[in-house]
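Engineer: Curious how this folds, go ahead:
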Amino acid sequence: MARPEMIASGPGSRALVVDIVRSSGPISRVELTQATGLTQPSISNIVRHLLETGVLRESGRVASTGGKPRTLLEINPTALYAVGIQLGFEAMTFVAAGAGGGTVARQLVDGAAVAEPQDVVERLAAQFASFIDIAGISVDTIAGVGVVVPGPLSPAGGTMFRSPTLRRWEGFPLLERLAALLPVPVLLDNDAAAAAVGEFWTRRIARTETFATVYMGTGIGAGVVLDGALLRGSSSNAAELGHMTIDADGVACSCGNVGCVERYAAPAAVLSDAGTAPRRFAGLGLEFTEHTTGSDFDRLARAAVNGHEAARGLLEHSADRLAAAVVSFNNVFDLDSIVLAGPSFAIAGSMYARAARARIEQTSFARQAHGTTIEIAANPRDSAAIGAAALVLQSSVAPGHGPALHP
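Structural biologist: Reported below is the predicted structural model:
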């Protein structure tokens, strides 16, 4: 029979220790014992293992109230690296992050567009080799590659089963094909879910917080982190905020539902409204094609921020519709904080944050018990790619939290 300290030193306990060191910064073994509730021998075993593997490092000492000075521990940012890839129609983003979550390299390349998936996968593999070479990162120090995509996934098959933009990829064995070409393990996840883990990891959010991101690219999604782990649901497709109904008698959605917030607030819906009166937006360079949704929305958002009345009206309506869904989302999960992430918040995110704050302050169910902070991601365009790298790091240094890497 296993001894108690051996059980307590398992993956779940290691994940707990890593999470606390990550969110607290330099911390002593005594403080870790108090914070985790684990025994002192268990903490000693876990810390020894994490020091030996390079995940943690000692970072100096502080005076003790009695006895010898306490040695502080922190995440070793150079222990290992992870690469995150955001697969998109118009562009693909590569980022490399150290164990602490900080971005050390970034590259933007042409998107998948309408090319054959296999051709794109081969391009991704070649780009990976070039990317780490330019960044000066040895492949031996890379824990893995995380690839994130829009739309719902089939985790067991490593495929997308529906995508608003990458329709050729539906059913394509992306995980299997990419893993066959890369020299490191690979994982596949949803962009919105990954963004939640990325923000949780890089912001050093405590595992005691109930935290979420609302993600808007060409569509709308969300991710929720509870007790340091992403809430996945039965099929790893939890928190599909974009398909929350805000009008029971509303517009039909491609998902099979009606009145989904995505049909009222997402970039495609906003541009569809703009297309009904194109003269009001003449001179903004809008192309009104499904291939230019992201760039068209950027132009519209920039015009709105710069005082274009018609553009501002459209974005305010979008922000109001999304805020209505965010209130219901918040009521379900009773959140401490929400971060708005994704490329469509990059320019006019403040309009969306302001609308969501106002709605939550006025109508959130638990508003008298506690507040819910709403912030914009520090780098909304790269949130999903950073999250993809964070998923790899979490799976590697805090096993038991993240999805399994495909060897």
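Engineer: Using CSV, list the CA coordinates for stretch 146-155.
Structural biologist: Output of stretch 146-155 as CSV, limited to C-alpha atoms (Å, rounded to 0.1, in the frame of the first residue of the first chain):
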residue,chain,number,x,y,z
GLY,A,146,-0.2,23.7,-28.9
VAL,A,147,-2.4,24.3,-31.9
VAL,A,148,-5.7,26.2,-31.4
VAL,A,149,-8.5,26.5,-33.8
PRO,A,150,-12.0,28.2,-34.0
GLY,A,151,-15.1,26.2,-33.6
PRO,A,152,-16.0,23.0,-31.7
LEU,A,153,-13.7,20.0,-31.6
SER,A,154,-13.7,16.2,-31.4
PRO,A,155,-10.8,15.7,-28.9
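Engineer: and that stretch, average pLDDT?
Structural biologist: The average pLDDT within stretch 146-155 is 85.
Engineer: again, but for stretch 357-373
Structural biologist: In this model, stretch 357-373 has a mean pLDDT of 95.
Engineer: And stretch 306-322, by the same measure?
Structural biologist: Here stretch 306-322 scores 97 as its mean pLDDT.
Engineer: Tell me which residues of that stretch come out buried.
Structural biologist: For stretch 306-322, burial by neighbour count (16 or more other Cβ atoms under 10 Å) applies to 308, 310-312, 314-322. All C-beta atoms are positioned from the backbone trio N, CA, C, and that covers glycine.
Engineer: now the residues you listed as CSV including secondary structure and distance to F297?
Structural biologist: Shown next, in CSV, are those (DSSP: H, G, I helix; E, B strand; the rest coil; distance: Cβ to Cβ, whole Å):
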residue, secondary structure, distance to F297
H308, coil, 14
A310, helix, 14
A311, helix, 10
R312, helix, 14
L314, helix, 10
L315, helix, 9
E316, helix, 14
H317, helix, 14
S318, helix, 10
A319, helix, 13
D320, helix, 17
R321, helix, 15
L322, helix, 13
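Engineer: and A304, how many residues sit next to it?
Structural biologist: Close neighbours of A304, defined as other Cβ atoms under 10 Å, add up to 23.
Engineer: Can you give the distance of stretch 197-213 from its chain's centre?
Structural biologist: Stretch 197-213 sits 10 Å away from the centroid of its parent chain (Cα atoms, centre = their mean, to the nearest Å).
Engineer: if we can go back for a sec, show me which of the buried residues of stretch 306-322 is closest to V21.
Structural biologist: Distance ranking of these against V21, using Cβ to Cβ, places L322 first at 35.4 Å.
Engineer: Please list all residues in contact with that closest one.
Structural biologist: Contacts for L322 (Cβ atoms under 8 Å, 6 or more residues apart in numbering) come out as 214, 216, 220, 261, 265, 352, 355-356.
Engineer: Tabulate these (TSV), appending neighbour count.
Structural biologist: Listed next are the contacts of L322 as TSV, based on neighbours: other Cβ atoms under 10 Å:
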residue	neighbour count
V214	30
M216	28
I220	30
V261	27
A265	26
Y352	26
A355	22
A356	25
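Engineer: Only the buried residues of stretch 170-185, if you could.
Structural biologist: Across stretch 170-185, burial judged by 16+ other Cβ under 10 Å covers 172-175, 177-179, 182, 184-185.
Engineer: among those residues, which are in strands?
Structural biologist: Secondary structure from DSSP state E places none of the buried residues of stretch 170-185 in strands.
Engineer: Between the residues you listed, which sits nearest S44?
Structural biologist: For these, the residue nearest S44 by Cβ to Cβ is P185; the value is 29.9 Å.
Engineer: how many neighbours does the nearest residue to the closest one once chain neighbours are set aside have?
Structural biologist: Spatial nearest neighbour of P185, chain neighbours left out: L405 (3.5 Å); criterion: Cβ to Cβ, 6 or more residues apart in numbering. Using other Cβ under 10 Å, L405 has 19 neighbouring residues.
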